[in-house]
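[1] below are the sequence and a predicted model for it; my questions follow.
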Amino acid sequence: MSLDPSTVETPAAVVDRARMESNARRVADYCARHGLSWRPHVKTHKSTRVARIQLQAGARGLTVATPHEAEVMAAVCDDLLLAYPPVGEAKLARIVGLPRSVRLTVALDSLDVLRPLAAAAREAGRTVGVLVEVDVGLRRVGVQGTEAAVRLARAVQDEEGVEYRGVLFYAGHIRTPGPESDAGLAALSRQLGGLREALSAAGCDPEVVSGGTTPTLWRSHEIEGLTEVRAGTCIFNDRDALRVGAADPGDLAYSVLATVVSTAVDGRVAVDAGSKALAKEARGGDGTFGVLLDRPEVEVVALSEEHGMLDLGATAWRPAVGTRVRIVPNHVCVSVNLQDRLLVEGPDGLEAWPLEGRGRLGRPT
């Protein structure tokens, strides 16, 4: 059922369907040309309908971060990667309780996660794939060094209930645009080359080498030995993707529709999209939180919970109270997670799409 745009209460998340579908095709085509699999991370969109668009474009599987995302996405995809260590009996039970038709893989970096996972898989009578997560420079999670990776890979091979499938990494520390990332990508390739050689020598040749982020997406083919890309932000893109050169303005599929609620402060206007709609992430070092979709010179310079402040210092435009604007957030993933739904603009008008993957708990029984 098509919605009347004039009746939509703001703030509201709006998606340009044509741009979203174009983004999906472009990424899938790029990966196909370079012999890579695309396994997009659904944390960006949390939506089964968006996931279907990615799969129809050519994605080979999906990446999830939570048991709830896995449960939801199992309805549309039978090949899931949980790229987050499941710790605790409750989470393990939900993971191994997924439909048997789902080929499940879990990324982990310790025996503390491996052994309970293997035990839960055995108890459930299924086999769960494992990717050994390796720290390549972000210093967040991942085994430290080649020797540790080999030890854990061998441990996976020795455990019943799990199957060693390869390695996973996240090079989130490489975020500079164009040639500025050359050295980082070259170092990453050397590191992975040495890792693969050591694993192969130990009898742990990795079938899967999973990595790739949206900032480095279009240079994924330069990373030696990479087999799959988990980039997810690229389905919508955001201001950060523009900043690092991973997207152009025409690739921006997501924005937050907001209404000007005050023009009382000279040189600024207040809109009704605050941190509870945009998220308070000041990326890029300039301390701002987003820009207007059609007026990128107008920045969101301050956020409180319900207010966003637009700086008019770089424009002659002076909106009135009631004017509606589209804001491109710095980081789309966290903005989506704050929404009740997506309003998708397409050939059938404006449609409301649910965000079934939001939250942590399963559906009430």
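    Received the coordinates, thanks. Numbers count the residues shown, from 1 in each chain.
[2] can you name the residues that contact residue 192?
    Neighbouring residues of residue 192 by CB atoms under 8 Å, 6 or more residues apart in numbering: 136, 169, 209, 223-226. In short, each C-beta sits where N, CA and C put it, glycine included.
[3] what is the nearest of those residues to residue 191?
    Relative to residue 191, the closest of the contacts of residue 192 is residue 136; by CB to CB it sits at 5.9 Å.
[4] using the three-state scheme, assign the closest one.
    Applying DSSP: H, G, I helix; E, B strand; the rest coil to residue 136 yields a three-state assignment of coil.
[5] my guess is it contacts residue 189. True?
    No: the pair residue 136 and residue 189 fails to qualify as a contact (CB atoms under 8 Å) at a distance of 10.4 Å.
[6] gap between residue 45 and residue 254?
    Residue 45 sits at a distance of 9 Å from residue 254 (criterion: CB to CB, to the nearest Å).
[7] can you list residues touching both of the two?
    Contact criterion CB under 8 Å, 6+ apart; residues shared by residue 45 and residue 254: 236, 336.
[8] dump the residue contacts of residue 124.
    Applying CB under 8 Å, 6+ apart, the residues near residue 124 are 96-97.
[9] quick one, grab the pLDDT at it.
    Reported pLDDT at residue 124 in the predicted model: 98.
[10] before we move on, back to that, more neighbours, residue 136 and residue 189?
    Shown here are residue 136 and residue 189; by other CB atoms under 10 Å, residue 136 has more neighbours (21 against 15).
[11] who are the contact partners of the more buried one?
    Residue 136 makes contact with 142, 169-171, 173, 188, 191-192, 211 under the criterion CB under 8 Å, 6+ apart.
[12] now residue 117: which helix or strand?
    Using DSSP states H and E, the secondary-structure element containing residue 117 is helix 111-124.
[13] can you list the strands that the very next helix or strand once past that helix pairs with?
    Towards the C-terminus, the helix or strand next in line after helix 111-124, according to DSSP H and E, is strand 128-133. According to DSSP bridges, strand 128-133 has the following sheet partners: strand 103-108 (parallel), strand 162-168 (parallel).
[14] which parts of the stretch 151-300 of the chain are helices?
    Counting by DSSP state H, counting those that start in this stretch, the stretch 151-300 of the chain has these helices, from start to end: 182-201, 239-243, 275-278.
[15] hey, which strand is longest across the protein?
    Under DSSP state E, the strand in the chain containing the largest number of residues is strand 254-262.
[16] filter the contacts of residue 136 to the buried ones?
    When neighbours are counted using 16 or more other CB atoms under 10 Å, those contain these buried positions: 142, 169-171, 173, 188, 191-192, 211.
[17] and the furthest pair within those residues?
    Greatest spatial distance among these (CB to CB): 173 and 192, at 14.5 Å.
[18] hang on, the earlier thing: next, the angle strand 162-168 makes with the helix holding residue 117.
    Between helix 111-124 and strand 162-168, the angle formed by their directions is 140 degrees, by axes from the mean of the first three to the mean of the last three CA atoms, to 10 degrees.
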